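> sequence unavailable; structure follows:
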Ligand SMILES: NC(=O)c1ccc[n+]([C@@H]2O[C@H](COP(=O)([O-])OP(=O)(O)OC[C@H]3O[C@@H](n4cnc5c(N)ncnc54)[C@H](OP(=O)(O)O)[C@@H]3O)[C@@H](O)[C@H]2O)c1
């Protein structure tokens, strides 16, 4: 068994994916804007991920914008039958790289067509509506209008499945009354655990929870406890952070981001790390200290 397969599988839409996947956001240029310094290196990261068995890739056409999807297409098209590409809509980029809400019917429809064209697909596997009611984090408010637009695009055959991102538990519950929600993608990691209850609720219903910033995002996690545990286990802190997430709940699907083949290999090897109950207890204390 190769190591990524040791992460196990969980249903996502009408497929089962390995729980350890890959997030492509780091493949664009600095600030997720413009092209990367080394396009060949970005292509190599994607090919390495798939060669090692990854079958779940997270992206968006607003990374770059367009650049990340175009690199995915260059690296991996025609796609393997078992590869699930999850994208997101709801934002666009300003000329200065800013993140601007784009949740009108015309903007959402345009975004779905941009994703289809740049990825080279006839239908998108999963489209997350990334709430932009606030750019910084989940904010209450109705998502009925934009979600209904995606449900129409699903009925017209351009979108296979719909998910939600950057949302509150109320928005998840309300969204599930409008259409099937096949995954929820929110900010969550060892030190940032606001969604603990939501994760457990979704697990009971068999709905995947996909944490973004699983390694801390633009400022990777730093914790003396994490470093001490990693040293004892002969692993890296980032590997232990991923192993903790895999252990946290069966419905967690990981999409750690990296622009480096070396980091990718280390991240995928986290699937083989088994944490004892004592170690999990120790790591659970990181969030309390961070709070
Ligand atoms: N829905 C949303 O609003 C939203 C928001 C943010 C992200 N996302 C998605 O979530 C995915 C993951 O988030 P993310 O990439 O922003 O953050 P992340 O996975 O938490 O961390 C990425 C950062 O960690 C570094 N890194 C990765 N592996 C490492 C390793 N083994 N050792 C040391 N450093 C390492 C990366 O730098 P290097 O490139 O140097 O490895 C990068 O700076 C994204 O790719 C994207 O698909 C979604």
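Structure received. Computed from a predicted model, the values in this text were never measured in an experiment.
> near the ligand, which residues of the stretch 1-150 of the chain are found?
Contact residues (CB under 6 Å from any ligand atom) of the stretch 1-150 of the chain with the ligand: 23-26, 58, 88, 130. The C-beta positions use only the backbone N, C-alpha and C, and glycine is treated the same way.
> 5 Å instead?
23, 25-26, 58 (CB under 5 Å from any ligand atom).
> of those residues - the most surrounded one?
In terms of neighbour count, residue 58 stands highest of those at 27 neighbours, by other CB atoms under 10 Å.
> and it, how close does it get to residue 112?
16 Å (CB to CB, to the nearest Å).
> one step back: columns pLDDT on top of the residues of the stretch 1-150 of the chain next to the ligand, output as JSON lines?
Compiled in JSON lines, those are given as follows (pLDDT from 0 to 100):
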{"residue": "23", "pLDDT": "98"}
{"residue": "25", "pLDDT": "98"}
{"residue": "26", "pLDDT": "97"}
{"residue": "58", "pLDDT": "99"}
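> for the ligand, what is the nearest residue in the stretch 1-150 of the chain?
Nearest residue of the stretch 1-150 of the chain to the ligand (CB to the nearest ligand atom) works out as residue 23 at 2.4 Å.
> what does the chain give?
Taking CB to the nearest ligand atom, the ligand has its nearest neighbour within the chain at residue 257, 2.0 Å off.
> and that residue, what are its bridge partners?
Counting by DSSP bridges, residue 257 is bridged to residue 23.
> same thing with residue 161?
Beta-bridge partners of residue 161, as defined by DSSP bridges: residue 126.
> which residues of the stretch 151-291 of the chain score low on pLDDT?
The model of the stretch 151-291 of the chain has pLDDT under 70 over residues 289-291.
> got the phi/psi numbers for the residue lying closest to residue 53 once chain neighbours are set aside?
Of all residues not flanking residue 53 in the chain, residue 4 sits nearest, at 4.3 Å (CB to CB, 6 or more residues apart in numbering). Main-chain torsions, residue 4, degrees, to the nearest 10: phi -60, psi -30.
> need the residues of the stretch 151-291 of the chain near the ligand, please.
165-166, 185, 212-215, 217, 220, 238, 255-260, 263, 266.
> among the residues you listed, name the buried ones.
Using 16 or more other CB atoms under 10 Å as the burial test, these include 165-166, 185, 212-215, 238, 255-259, 263, 266 as buried.
> hang on, the earlier thing: contacts only, for the residue nearest to residue 53.
With contact taken as CB atoms under 8 Å, 6 or more residues apart in numbering, residue 4 is in contact with 18, 20, 52-54, 268, 271.
> ok, which stretches of the chain are strands?
9-12, 15-18, 22-23, 56-58, 84-89, 91-93, 99-101, 124-130, 159-165, 181-187, 209-212 (DSSP state E).
> of those strands, which is nearest residue 67?
strand 91-93 (10.5 Å; CB to CB).
> so who does the residue of the stretch 1-150 of the chain closest to the ligand touch?
If you count contacts by CB under 8 Å, 6+ apart, residue 23 has them with 57-59, 212, 255-257.
> do the same with residue 113
residue 158.
> use 535 as the first number for this chain going forward.
With the count now opening at 535, the last piece we talked about shows up as residue 647.
> could you measure from it over to residue 653?
Taken as CB to CB, the span from residue 647 to residue 653 is 11 Å.
> ditto for residue 723
Taking CB to CB, one finds residue 723 at 27 Å from residue 653.
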